[in-house]
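Undergrad: The following comprises the amino acid sequence and a computationally predicted model.
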Protein chains: 2
Amino acid sequence: MVKIVVDCLGGDHSPQANVQGCIDALAANGDITLVLTGGREAIEKELAGKEYDKARIEIVDAPDTVTGEDRPTDVIRTAKQSSMVRAVNMLREDDSVSAMVSLGATGVLLTGAVLRIGRIPGVERPAFCPVMPTMDGGVVGVCDSGANVECTPDRLLQFALMGSLYMERVYGIKSPRVALLNVGVEEGKGDDLHKEAYTLLKNCKALNFVGNMESRDVLSGNYDLIVCDGFSGNVLVKTTEGTCIELLKMLKGQLTSSLGSKIGALFFKNTLKKNFKKLNYQNYGGSVMLGTKKVVIKGHGSSKALAVSKCIEQAYAAVKNDLNPEIETIINSNTKGEMQNV
Amino acid sequence: MVKIVVDCLGGDHSPQANVQGCIDALAANGDITLVLTGGREAIEKELAGKEYDKARIEIVDAPDTVTGEDRPTDVIRTAKQSSMVRAVNMLREDDSVSAMVSLGATGVLLTGAVLRIGRIPGVERPAFCPVMPTMDGGVVGVCDSGANVECTPDRLLQFALMGSLYMERVYGIKSPRVALLNVGVEEGKGDDLHKEAYTLLKNCKALNFVGNMESRDVLSGNYDLIVCDGFSGNVLVKTTEGTCIELLKMLKGQLTSSLGSKIGALFFKNTLKKNFKKLNYQNYGGSVMLGTKKVVIKGHGSSKALAVSKCIEQAYAAVKNDLNPEIETIINSNTKGEMQNV
C-alpha cells in the first residue's frame, strides 16, 4: 500500500476537484491510501454521499491556504495550519507517507520540498519535469521547467539523468531519447552554458543523448526528454500551453460563427473532441519534482478532478518503480566528479 | 525612390520565390527599385515572360550560395561571389542602396551586418525583431529573437527601445505596450539579468513598460513588444511557430479522416482557411535586424513569394519612416550612462 498526502486547497477548483480526484484515484487503484489536508468540514462536505473506500482515506484538518504572494521561507516556517505546509511536514516526519500532491503556489512548494524534505544525496538542485503530449500520440518530458532560473552545466547533466530515469520508470520508455534545448541543432550552438552542457551530456554513458533540439520540434515526437535551464524550459512549456489554448479557443469560437461552419461543426464535432482530449493537459497529471528525498507532484492550478487523480497515479508510479533510489544511484555513479565540490 | 537589394538565393524556394516576390513588390509599390543578387541566368529565367517595370530592376551576378555550415567570418571575407555577401557589400558601399532582404543563413547575415554594415552609434548589439500575429487580429514584436544568446540588462533596455520604436514606426502602434519575458508576472521574478532589466525598463521614460509577462500570453494581444534575451526569445518564437504548425497539420489531417468529418470539412473549410491565413507567417514578412546602420530584413528560409514581397515592404517602411535615425536618437538619449563604458 502506497500512502500519499494530497493538499486539498490551493487550486482554482479546490477543494471540490481535489477531493473528487482523490475518490477517483482510490477507485482506480486499490494499492493507494490517501491523507487529505485542508479544511475538515469542507472536505467532509465534498465526500458526503460519495462512494469510496473509507478505510483508505484520512483527513487532516489544516484549513489555511498559502498563495504565491507569500514569502516562501516565511510560509514554510509559520503557516503550519496551511494545507500545503501540513502536507509537506507530514511527508517529512511520517515514514509511512511516500509522496505528496499539491496544486498550490509553486514557489512555496519548491521551498518546502528543498528545506523540509531535502535533496537526494548527490543531487545539487531539484527540478520540475512536466510531461506534454506529442503529435504522434506519445509524451515528452521537459526538465527543468522552472525550478532553477540560474543553471550550470553540471545541473543540466543532473536534470538529464533524473528526467531520463523518470521517463523510463514512470512512462515505460526504454532508453529515452534525451535532447538539449538550444537555438540550433548543430554542436557548438548557444551560450557557454549550453556548449558546456552539450559536452557533458554527450560524454555521459548513462544517457541516450541525441544532440541539440530547437523548440519548434517540441511536439514532434522525436524526443522523450528535453533538457533545459529553468528559464527557457519555463518559456518552452508555457508557450506550448498558451499557443494550444489560444488556437483551440479560436477554432472553437469560429466553429459556430456562421451557419455553414455551424453545420460543419456538427459533423466535425467528434474529430475536434478527440483532438481537444489529446491536447488536454488534464490527462497528463502534473509536474514531478525530481531530486527530493520523497516524491512530490505539483499539479496545475487549474486542475480538475481528472488531473488530480492523474497526479496521484503519477506519484504512485514513481514510488512503486523506485524512482528515488534509482536517482540516487544514477546521480552518484555519473556525476561524482562534479558533485565532490558541492 | 527607395533602393533595396534582395538576395535571391539561400531560401528553400529560391530563386523562384525570391524573384516572384520582387515582381510582386514592384507591382505593389511604385516607390521601390530593386537590385537582385544571385545567378544572373537563373534570375533572368524566372523573370522571363513576366510583367514588371524593367527600369526598376537591376541584376547583379553573384551565383554562389552560403550555408549555415560555413564559418560566418570566413564567408564574409572570402565568398565575394555569393549572393548574400554581394548584397551585404553593396549595402555597405553603395550610398544609393538603403536596405537589404535575405532568406539565407542567419549567422552569416548577422556577422556580415555587424562587420560590414556596422552598428548605429550607441547601439551595443544588433537584435532580431520578428513580428507574430495575435489572436485579436493584431501583431506582437519579439526582440531579441536570437542574435544575442548572452545578454546584459543594458542590452535588454536597448532591445526594448529599438523594438518599441519599430512597432511604432513600421506598424503604426502608438505608445507600444512593452513587456519583459519572464517566468512570472510579479516584479522580482527571474534571474539577476531579468531582475536588473526590469528596473531599467521601469525607469526608462521613453518606454510604455507594462511589466513582466509569461510566455503563455504571447498571442493574447495584451502586448505590442516582448523584450527578451536572444536565447529565450528564440525558444519563444520557435515554440509558437512549431506548435501552430503541428496543431494545424493535425487538424487538417483529421478533417479528412472519416466520412463524418469529411462532410463537416466541406462546410468548415472557409473558416479553417481564414484561420490558416491569419496564422500564416508568410503574411508577416521577415525579421528586421535592429541596430545596424542600414536596414536588414531576414526572411524565413521557407518564405514563398508572398513573404518575400512582405519583407521588401517592411524594408521600405523602415526606410521611409526614418527608423534608423530615430533609433540613434532614442538610444543616445536614453542609454547614455550605460553606453559611455562601451
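TA: All right, it came through fine.

Undergrad: residues from the stretch 1-150 of chain A in reach of chain B?
TA: A:Gly68, A:Glu69, A:Met135, A:Gly146, A:Val149, A:Glu150 (CB under 8 Å from any CB of the partner chain). In this view, the C-beta of every residue, glycine as well, is placed from N, C-alpha and C.

Undergrad: For the third one, grab phi and psi.
TA: Same thing as A:Met135. phi -70, psi -20 (degrees, to the nearest 10).

Undergrad: how many neighbours does A:Asp12 have?
TA: 11 (other CB atoms under 10 Å in any protein chain shown).

Undergrad: picking up where we left off before, in PyMOL, select just the buried ones from the residues of the stretch 1-150 of chain A next to chain B.
TA: Listed next is the PyMOL selection for buried residues among those, using 16 or more other CB atoms under 10 Å in any protein chain shown:
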select buried, chain A and resi 135+146+149
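
Undergrad: now the residues of the stretch 1-150 of chain A next to chain B as a markdown table including pLDDT?
TA: Shown next, in a markdown table, are the residues of the stretch 1-150 of chain A next to chain B (pLDDT from 0 to 100):
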| residue | pLDDT |
| --- | --- |
| A:Gly68 | 76 |
| A:Glu69 | 77 |
| A:Met135 | 88 |
| A:Gly146 | 95 |
| A:Val149 | 93 |
| A:Glu150 | 91 |
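
Undergrad: Make a markdown table out of the residues of the stretch 1-150 of chain A next to chain B and add secondary structure.
TA: Putting the residues of the stretch 1-150 of chain A next to chain B into a markdown table (DSSP: H, G, I helix; E, B strand; the rest coil) gives the following:
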| residue | secondary structure |
| --- | --- |
| A:Gly68 | coil |
| A:Glu69 | coil |
| A:Met135 | coil |
| A:Gly146 | coil |
| A:Val149 | coil |
| A:Glu150 | coil |
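
Undergrad: Distance-wise, check the one residue sitting closest to the centre of chain A relative to chain B.
TA: Computing the C-alpha centroid of chain A and ranking residues by CA atoms, centre = their mean puts A:Ser287 first, at 0.5 Å. Here A:Ser287 is placed at a distance of 14 Å from chain B (CB to the nearest CB, to the nearest Å).

Undergrad: what's the answer for A:Gly211, then?
TA: Distance from A:Gly211 to chain B, by CB to the nearest CB: 15 Å.

Undergrad: and if you look at A:Leu193?
TA: Taking CB to the nearest CB, one finds A:Leu193 at 9 Å from chain B.

Undergrad: Tell me how many other residues crowd that residue.
TA: Neighbours of A:Leu193 under the rule other CB under 10 Å: 18.

Undergrad: Please work out which residues outside stretch A:124-131 touch it.
TA: Residues from elsewhere that reach stretch A:124-131 (CB atoms under 8 Å, 6 or more residues apart in numbering or on different chains): A:110, A:113-114, A:119, A:139-148, A:154-155, A:158-159, A:162-163, A:166-167, A:171, A:225, A:230, A:233, A:237, A:284-292, A:298, A:338-339, A:342.

Undergrad: Quick one: end-to-end length of it, please.
TA: The separation between the terminal residues of stretch A:124-131, taken as CA to CA, to the nearest Å, is 22 Å.

Undergrad: Tell me the helices and strands packed up against the helix or strand hosting A:Lys252.
TA: Assigned by DSSP states H and E, A:Lys252 belongs to helix A:230-255. Helices and strands touching helix A:230-255, by 3 or more CB pairs under 8 Å, 6 or more residues apart in numbering or on different chains; DSSP states H and E, are strand A:127-129, strand A:139-143, strand A:177-181, helix A:259-279, helix B:230-255, helix B:259-279.

Undergrad: Now do the buried residues in the host helix or strand of A:Glu46.
TA: Using DSSP H and E, the element containing A:Glu46 is helix A:40-47. Under the neighbour-count criterion of 16+ other CB under 10 Å, helix A:40-47 has A:Ala42, A:Ile43, A:Glu46, A:Leu47 buried.

Undergrad: Specify which member of those residues is nearest to A:Glu214.
TA: A:Glu46 (44.9 Å; CB to CB).

Undergrad: Next, work out how far apart the closest one and A:Val19 are.
TA: The gap separating A:Glu46 from A:Val19 is 4 Å, by CB to CB, to the nearest Å.

Undergrad: next one: A:Leu219
TA: Taking CB to CB as the measure, A:Leu219 and A:Val19 are separated by 33 Å.

Undergrad: And A:Leu156, by the same measure?
TA: Distance from A:Leu156 to A:Val19, by CB to CB: 39 Å.

Undergrad: Ramachandran angles for the residue nearest to the residue nearest to the centre of chain A when sequence neighbours are not counted?
TA: Leaving aside its chain neighbours, A:Ser287 sits nearest to A:Pro130 (3.7 Å; criterion: CB to CB, 6 or more residues apart in numbering or on different chains). Backbone geometry at A:Pro130, expressed as degrees, to the nearest 10, gives phi -70, psi 160.

Undergrad: And the pLDDT at A:Pro130?
TA: Listed pLDDT for A:Pro130 reads 96.

Undergrad: Run a quick neighbour tally on it.
TA: 23.

Undergrad: try the one 3 residues further on
TA: The burial count assigned to A:Pro133 is 20, neighbours taken as other CB under 10 Å.
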